[in-house]
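Chemist: Task: produce atomic coordinates for the following.
(chains A and B)
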There are 2 protein chains.
Amino acid sequence: MSEPLRVALAGLGTVGGGVIRLLDANRELIARRAGREIEIVAVSARDRGKDRGVDLSRFAWVDDTTALAKQPGAEVVVELIGGSDGPALTLARSTLAAGRHFVTANKAMIAHHGLELAQAAEAAGVALKFEAAVAGGIPVIKGLREGAAANEIARVYGILNGTCNFILSKMESEGRDFAEVLAEAQALGFAESDPSFDIDGVDAAHKLSILAAVAFGTQPAFDDVAISGIRHLLGADIAEAAALGYRVRLLGLAEAGTDGLFQRVHPHLVPIDHPLANVTGSLNAVVAEGNFVGRLLFQGAGAGDGPTASAVVADLIDIARGEFGPPFAMPVASLSAAPKADSGERRGRAYLRFTVADRVGVLAEIAAAMRDAGVSIESLIQRGAISDGSVLVAIVTHESPERSIAQALEKLRGSQSLVGQPMWMHILD
Amino acid sequence: MSEPLRVALAGLGTVGGGVIRLLDANRELIARRAGREIEIVAVSARDRGKDRGVDLSRFAWVDDTTALAKQPGAEVVVELIGGSDGPALTLARSTLAAGRHFVTANKAMIAHHGLELAQAAEAAGVALKFEAAVAGGIPVIKGLREGAAANEIARVYGILNGTCNFILSKMESEGRDFAEVLAEAQALGFAESDPSFDIDGVDAAHKLSILAAVAFGTQPAFDDVAISGIRHLLGADIAEAAALGYRVRLLGLAEAGTDGLFQRVHPHLVPIDHPLANVTGSLNAVVAEGNFVGRLLFQGAGAGDGPTASAVVADLIDIARGEFGPPFAMPVASLSAAPKADSGERRGRAYLRFTVADRVGVLAEIAAAMRDAGVSIESLIQRGAISDGSVLVAIVTHESPERSIAQALEKLRGSQSLVGQPMWMHILD
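Modeler: Numbers count the residues shown, from 1 in each chain, chains lettered A, B, ... in the order given. The predicted structure is shown next:
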């Protein structure tokens, strides 16, 4: 058997601890599969004294995390610090510049700096791998980069944020409102104390921009992702969706069209018989539609120390086997800079929910705005007083250009009849 | 860009035609992803004159299929002939002996001769790849070999035969019996004119034995798979299962235990909220349970020219990239020869259905047999006369050793009360 693959590990939070535990527990099996042992030789984290439940005394401790890039004997650096910039980025740059492999779970950094880092890795002839950055333990980067590599991908979409899916599932099964379920998720540790990256869709957008680059052979373009989260969803929206035969899911969706690449994170109505409608709790799932393979689905745990460590170590095994190639499935020079596609040109059915004052003429005003914008209504439900005495109007449109729906909502902006912002969800076809 | 990867293609049925069409349609994209073009240089099939809807004049035609192994200029042979032995096996042996890569969709050959061929590939330092042999377009070999490589797999199971799943879905949605739906599936081309390999579970067993080898690091052991098909299922079984909250699926399941490797293809009751319960029509899906990643699900089209071609070309792209390793995820010398685990030791809940004569004492006889074998009954339903005046008795047992259930059925063997064989299905936990 060859020499072990020697690893320097930066970051000893839950995932870092998971990687150490995994390499301990499955050491022999991994050596059989990888053809060589994988061995951590040095670690670094902010607080040396903290008890992490794993024996760190066998590893060299390095105070200055960024110095791991030049740790003697290490061929790979694993970065589990997080943050798009700061020490993580410094470490990535210096590791690749030193001609060593780099493995990370850092979606924000890859979304923002992936292209630069891929260039550096290519120049140095080393690996840059980030399976754990998207959908946790699910091997979806590999699934697109390799498994579906023969296909032109028409679109890729999925449930990319477990916190949001946990909250939506709970709202659905218990008929409760967003704020209440969020508070419970926070108490249980399923949501951060500052949950905005999750619930406002930014985390899912980071992941989507990485997926899209791999799927479409385009440069990662996080800034082109249109982002909405789930903060303004009502329990009533989920109930209306259910009555119509749908479940509400926060989807990241990227689609290649003639006018460019369309990327969006947005709550969607998913038909009850679609596999994503049955993805509940904190699971993640990704669908890729290829021109020969058809619809592929990958599903599993999108977060947590075990699943994320599984993806990190899968990347290490690829490196140990010498089976790695360009990070985004093709050389950086081959990645195209796709223009951002205009959402207004997109056609689809939509769910629109208005919370309105309970008085004469409100429904006429909404209906007129829809008519004037040329949006045809497939169904409309008005429900009597919700909590504060206002009334809920839920509309499903026929297929319309999104531009027309935006126009209808624009006409209603500032109307005295509306209580709060309308909710607009897309219906997945 | 490097030289093209030059391919000799044996077999021009639907999948062979699909590979040619795919390489034509996605040529440029594949070259960007693989770093080089993939080019067919020679083809061979039984009937040169047959119109296959693709232009073959640009390829060298080789009459003797097995001569493709030495086709000048070809680095890879793709085998799409089928059959566990005969020309496919001859071609595989001679290609690997000639030091060339070999890609196949031939599950029967890999199930029976995979170990020998892997040894030959290893000795020659070339690739032996068979993604298309299991679950068609779904990259599940890759998912296990690489994506889940960091995990000890506890069990792997799934829907591995699209014909059976199509029939079961139809029986379920239309409340019809097996023979009628099979005839319709044959008329539609979803089932072969001799469907026994599919409906009796042999095809699924071929695939399961390959999956198990990759998942557990064991030598493929097709002969150790216990096989039952769906031929004796009644529409009434599916209706009873539905009433109990289950759907019937033909599952291939392999599980590593202390006493060896357990492999079985058998109809199962799958809880309605399990992802496999929602896999309908001719789709395939595979679940792998890893000790760190948890439960991973891969789902997609398990057959058809497009999906199968997608998997074949994914293998070619791996070869073009130089990213291939041992066929069964580790060197042949590292594969263990796991003993066949004894099903009698397994514990689980079971569904037992008896078709019985409508007379006094039958129920007492069945109940006594169960009691004497120590099998405890969770629920029992007796339904009045089915078609031929006989009566249906469906039992769900509490968790019991399979040995006890077998004993109970043995006691009832030859009983004058029973009309035909009892149906025994396992309940997936």
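Chemist: So what's the gap between stretch A:149-157 and the chain middle?
Modeler: Stretch A:149-157 sits 17 Å away from the centroid of its parent chain (CA atoms, centre = their mean, to the nearest Å).
Chemist: Same question for stretch A:344-363.
Modeler: Distance, centroid of stretch A:344-363 to centroid of chain: 28 Å (CA atoms, centre = their mean).
Chemist: what's the neighbour count on A:His274?
Modeler: Residues near A:His274, counting by other CB atoms under 10 Å in any protein chain shown, number 19. For the C-beta atoms, the positions are set from N, CA and C on the backbone; glycine is no exception.
Chemist: dump the residue contacts of it.
Modeler: For A:His274, the contact set (CB atoms under 8 Å, 6 or more residues apart in numbering or on different chains) comprises A:Leu428.
Chemist: Might you report the residue contacts of A:Gly306?
Modeler: A:Gly306 touches A:Gly18, A:Leu22, A:Gly137, B:Asn291, B:Phe292, B:Val293, B:Gly294, counting by CB under 8 Å, 6+ apart.
Chemist: Please disregard the earlier target; I meant A:Val225.
Modeler: Residues in contact with A:Val225, defined by CB under 8 Å, 6+ apart, are A:Ala205, A:Leu208, A:Ser209, A:Gly252, A:Gln263, A:Arg264, A:Val265.
Chemist: For it, grab phi and psi.
Modeler: With angles defined as degrees, to the nearest 10, A:Val225 sits at phi -80, psi 120.
Chemist: Now do it against B:Leu68, distance only.
Modeler: Applying CB to CB, to the nearest Å, the value for A:Val225 to B:Leu68 is 48 Å.
Chemist: Equivalent analysis for A:Ser2, please.
Modeler: 35 Å.
Chemist: Of these two, which one has the most company?
Modeler: A direct count of neighbours by other CB under 10 Å for A:Ser2 and B:Leu68 places B:Leu68 higher, at 27 against 11.
Chemist: Surely that one and B:Val62 touch.
Modeler: Yes. Using CB atoms under 8 Å, B:Leu68 is in contact with B:Val62, at 5.6 Å.
Chemist: intersection of neighbour lists for those two?
Modeler: Contacts common to B:Leu68 and B:Val62, judged by CB under 8 Å, 6+ apart, are B:Ala8, B:Ala42, B:Ser44.
Chemist: coming back round to it: which ones among the contacts of A:Val225 lie within helices?
Modeler: A:Ala205, A:Leu208, A:Ser209 (DSSP state H).
Chemist: Now for the last one: which residues touch it?
Modeler: What that stands for is A:Ser209. A:Ala111, A:Pro220, A:Ala221, A:Phe222, A:Asp224, A:Val225, A:Gln263.
Chemist: repeat that for 10 Å
Modeler: Neighbouring residues of A:Ser209 by CB atoms under 10 Å, 6 or more residues apart in numbering or on different chains: A:107, A:110-112, A:114, A:134, A:218-225, A:252, A:254, A:261, A:263, A:265.
Chemist: Helices - which of these land there?
Modeler: A:Lys107, A:Ile110, A:Ala111, A:His112, A:Gly114.
Chemist: about what we covered before: need the shared contacts of B:Leu68 and B:Val62 in CSV with neighbour count, distance to chain A and secondary structure, can you?
Modeler: Below are the shared contacts of B:Leu68 and B:Val62 laid out as CSV (neighbours: other CB atoms under 10 Å in any protein chain shown; distance: CB to the nearest CB, whole Å; DSSP: H, G, I helix; E, B strand; the rest coil):
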residue, neighbour count, distance to chain A, secondary structure
B:Ala8, 29, 18, strand
B:Ala42, 20, 20, strand
B:Ser44, 26, 22, strand
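Chemist: Assign the nearest residue in space to A:Leu128 that is not next to it in sequence to helix, strand or coil.
Modeler: Counting by CB to CB, 6 or more residues apart in numbering or on different chains, A:Leu128 lies nearest to A:Ala121, which is 3.7 Å off, once chain neighbours are set aside. Three-state call for A:Ala121 (DSSP: H, G, I helix; E, B strand; the rest coil): helix.
Chemist: Count the neighbours of A:Ala121 for me.
Modeler: By the criterion of other CB under 10 Å, A:Ala121 has 24 neighbours.
Chemist: Hmm, it is touching A:Pro327, no?
Modeler: Yes. Counting by CB atoms under 10 Å, A:Ala121 sits close enough to A:Pro327 to count as a contact (6.1 Å).
Chemist: okay, and the common contacts of the two?
Modeler: What both A:Ala121 and A:Pro327 touch, as defined by CB under 10 Å, 6+ apart, is the set A:Phe102, A:Ala127, A:Leu128, A:Lys129.
Chemist: list the buried ones in whichever strand or helix holds A:Cys164?
Modeler: In this assignment (DSSP states H and E), A:Cys164 forms part of helix A:162-174. Under the neighbour-count criterion of 16 or more other CB atoms under 10 Å in any protein chain shown, helix A:162-174 has A:Gly162, A:Thr163, A:Cys164, A:Asn165, A:Phe166, A:Ile167, A:Leu168, A:Ser169, A:Lys170, A:Met171, A:Glu172 buried.
Chemist: so which of the contacts of A:Gly306 comes closest to B:Glu345?
Modeler: Compare each of the contacts of A:Gly306 with B:Glu345 using CB to CB and the shortest gap goes to B:Asn291, at 21.4 Å.
Chemist: Once you drop chain neighbours, what's closest to that closest one?
Modeler: Distance criterion CB to CB, 6+ apart; nearest residue to B:Asn291, sequence neighbours excluded, is B:Glu152 at 4.5 Å.
Chemist: Count residues in the vicinity of that neighbour, would you?
Modeler: 19.
Chemist: residues contacting it?
Modeler: B:Glu152 neighbours (CB under 10 Å, 6+ apart): A:22, A:25-26, A:28-30, B:215-217, B:256, B:289-292.
Chemist: ok, back up a step: contact partners for the residue nearest to A:Leu128?
Modeler: By CB under 10 Å, 6+ apart, the contact set of A:Ala121 is A:92, A:95-96, A:99-102, A:127-129, A:324, A:326-327, A:332.
Chemist: And A:Gln119, by the same measure?
Modeler: Residues in contact with A:Gln119 (CB under 10 Å, 6+ apart) are A:Leu96, A:Leu128, A:Pro327, A:Pro331, A:Val332, A:Ala333.
Chemist: Okay, and which of the residues you listed map to helices?
Modeler: Among those, the members falling in helices (DSSP H) are A:Leu96.
Chemist: and which of the contacts of A:Gln119 is nearest chain B?
Modeler: For the contacts of A:Gln119, the closest approach to chain B (CB to the nearest CB) belongs to A:Pro331, at 7.2 Å.
Chemist: Run through the residues that contact the closest one.
Modeler: Contacts of A:Pro331 (CB under 10 Å, 6+ apart): A:Ala118, A:Gln119, A:Glu122, A:Gly325, B:Met1, B:Arg32, B:Arg33, B:Gly35.
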